[in-house]
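Novice: just a sequence and a predicted model for now, questions to come.
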Amino acid sequence: MNLVPEIVALDAEMRDWRHRLHANPETAFEEEATSRFVAERLRAFGLDVHDGIAKTGVVGVLRNGASNASIGLRADLDALPIHEESGLPHASRNAGRMHACGHDGHTTMLLAAAKAIAARRNFAGTLHFIFQPAEENEGGGRVMVEEGLFDRFPMRAVYGMHNWPRMAAGTFAMRAGPLMGAYDVFEIVATGKGAHAAMAYQGKDPMLFAAHAINALQTIVSRNLHPLEAGVVSVTQVHAGDTWNVIPEQVVLRGTVRTFDPDVQNLVERRMQTLVDGIAAMFEMRATLRYERRYPATVNSADETECARRAADAVVGTGNVDTNPTPDMASEDFAFMLQKKPGCYVWLGAGHGDGTPNLHNPRYDFNDEVLAIGASYWVRLAEQELPVTA
Ligand SMILES: [Zn+2]
Ligand SMILES: [Zn+2]
């Protein structure tokens, strides 16, 4: 392990920041106090601070030397609507809100990196420290891009990091190409004709539509996709009916689709429409499909993945960096930044044994042991990509 000394010196302060953020979680676009916490510190470290981007987003700008080189490093600010069950002294004080994805740790590591890099002044160019709101569900990263993030703050490439409890602490993983899946949601509404359940022949039973549709949707992945392509179709909600003896008028199905490849995504949507129309016709009723593309796949560029690998190697050593991890079908709105700029999103190992609660679990807590590892990675990456040359 080759940690940056200025980061090691910040370890106690990082833990304090992290616990304060953890105790005061705020969800999508409401990260007012978190945003102030970040902006105040960035100003104190001497950065040029721009807040109010995508409502609660913050960008800290740090320049050194005459070089025009520039990159962005990104962390996320938001918590989740989960009731925390960790029982820890720094557990959430906001009922029903919890830092269950470790964004408190991500924010802390990027803040510490800003402080250390500002103190070391061992780079030439412009660094953008991007703190985005609403990573969970609401696409704060997309809103920052739409509000001109890359026009206001020109940068060549952008980098992201997420703690990964299923990998051991002291490791990193990244790969060129897709690392996280595209996140789509769908809603199917089938409208039949309600009837007395004892006189079913007088109605058009939407329950039959639901039964056939749930089965048929599973044939998209198993029968329409190339076996080496990846996709997930999950029906997660079925809503219909109120009592024993009434055939309801309507059934609503909702769920999610995950893919890596836009062609596969298009295929799934097209087949879903065909199946919905076909099953509705079969049972002589109407059905609509609303298919909404939320987050694209998170796709790393080859050159920047190599940059990330070198920086991770410099901190934890080659043997602890996995450059071919199995991608995950969870999704990440850093994907919107990677659609505009080359870059790399890495996983920071954060596991501490078999029982480590995973992300989004009510007993999850960011592993403080990896704060210095992640923050050192940011420092190494920034100084490596914006080198001071003679
Ligand atoms: Zn999450
Ligand atoms: Zn997250």
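Specialist: Great, that's in hand. Note that this is a predicted model, so its numbers are computed, not measured. Residues are numbered from 1 along each chain as shown. Ligands and ions are numbered 1, 2, ... in the order given.

Novice: dump the residue contacts of residue 233.
Specialist: 217-218, 220-221, 255, 257, 268, 272 (Cβ atoms under 8 Å, 6 or more residues apart in numbering). For glycine as for every other residue, the C-beta is placed from the backbone atoms N, C-alpha and C.

Novice: from those residues, which land in helices?
Specialist: In helices, judged by DSSP state H, the following of these are found: 217-218, 268, 272.

Novice: redo those as JSON lines? Include pLDDT.
Specialist: Listed next are these as JSON lines, based on pLDDT from 0 to 100:
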{"residue": "217", "pLDDT": "98"}
{"residue": "218", "pLDDT": "98"}
{"residue": "268", "pLDDT": "98"}
{"residue": "272", "pLDDT": "98"}
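
Novice: quick one: residue 121 and residue 334, what's the gap?
Specialist: 28 Å (Cβ to Cβ, to the nearest Å).

Novice: who has more neighbours, the two?
Specialist: Higher neighbour count among residue 121 and residue 334: residue 334, with 27 against 12, using other Cβ atoms under 10 Å.

Novice: which ones are touching that one?
Specialist: 74, 135, 141, 160, 298, 345.

Novice: show me how to select, in ChimeraX, the buried members of the residues you listed.
Specialist: Written as a ChimeraX command, the selection of buried residues from the contacts of residue 334, which uses 16 or more other Cβ atoms under 10 Å, is:
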select :74,135,141,160,298,345
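
Novice: residue 198: which of the contacts of residue 334 is nearest?
Specialist: residue 135 (51.3 Å; Cβ to Cβ).

Novice: any weak-confidence spans in the stretch 51-200 of the chain?
Specialist: Within the stretch 51-200 of the chain, not a single segment meets pLDDT under 70.

Novice: which residues in the stretch 251-390 of the chain form helices?
Specialist: 262-282, 302-316, 335-340, 371-385 (DSSP state H, counting those that start in this stretch).

Novice: I'd like those helices as TSV, with mean neighbour count and distance to residue 182 appended.
Specialist: Below are the helices of the stretch 251-390 of the chain laid out as TSV (neighbours: other Cβ atoms under 10 Å; distance: least, Cβ to Cβ, whole Å):
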stretch	mean neighbour count	distance to residue 182
helix 262-282	17	6
helix 302-316	20	19
helix 335-340	21	8
helix 371-385	25	26
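
Novice: figure out which of those helices is closest to residue 192.
Specialist: That would be helix 262-282 among the helices of the stretch 251-390 of the chain, by Cβ to Cβ, at 9.0 Å.

Novice: alpha carbons only: can I get the closest one in CSV?
Specialist: Taking Å, rounded to 0.1, in the frame of the first residue of the first chain, the C-alpha atoms of helix 262-282 are listed here in CSV:
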residue,chain,number,x,y,z
PRO,A,262,-28.1,0.0,-27.0
ASP,A,263,-29.0,-2.5,-29.7
VAL,A,264,-30.1,-5.0,-27.1
GLN,A,265,-32.0,-2.2,-25.3
ASN,A,266,-33.9,-1.4,-28.6
LEU,A,267,-34.6,-5.1,-29.1
VAL,A,268,-36.1,-5.5,-25.6
GLU,A,269,-38.3,-2.4,-26.0
ARG,A,270,-39.5,-3.5,-29.5
ARG,A,271,-40.3,-7.1,-28.4
MET,A,272,-42.0,-5.9,-25.2
GLN,A,273,-44.3,-3.7,-27.4
THR,A,274,-45.0,-6.7,-29.7
LEU,A,275,-45.8,-9.0,-26.8
VAL,A,276,-48.1,-6.4,-25.1
ASP,A,277,-50.0,-5.8,-28.3
GLY,A,278,-50.2,-9.5,-29.1
ILE,A,279,-51.5,-10.6,-25.7
ALA,A,280,-54.0,-7.8,-25.6
ALA,A,281,-55.3,-8.8,-29.0
MET,A,282,-55.4,-12.4,-27.9
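
Novice: grab the nearest non-local neighbour of residue 113.
Specialist: Leaving aside its sequence neighbours, residue 113 sits nearest to residue 378 (Cβ to Cβ, 6 or more residues apart in numbering; 3.5 Å).

Novice: ok, that neighbour - contacts?
Specialist: 73, 109-110, 113, 117, 161.

Novice: now, those that are in strands?
Specialist: Among those, the members falling in strands (DSSP state E) are 73, 161.

Novice: farthest pair in the contacts of residue 378?
Specialist: Maximum distance among the contacts of residue 378 (Cβ to Cβ): 15.1 Å, for 117 and 161.

Novice: by neighbours, which of the contacts of residue 233 wins?
Specialist: Highest count within the contacts of residue 233 by other Cβ under 10 Å belongs to residue 257, 27 neighbours.

Novice: dig out what it forms beta bridges with.
Specialist: In this structure, residue 257 bridges to residue 184, residue 233 when assessed by DSSP bridges.

Novice: am I right that it is in contact with residue 232?
Specialist: Yes - applying Cβ atoms under 8 Å, one finds residue 257 in contact with residue 232, separated by 6.8 Å.

Novice: tell me, how many residues neighbour residue 65?
Specialist: Other residues close to residue 65 by other Cβ under 10 Å number 15.
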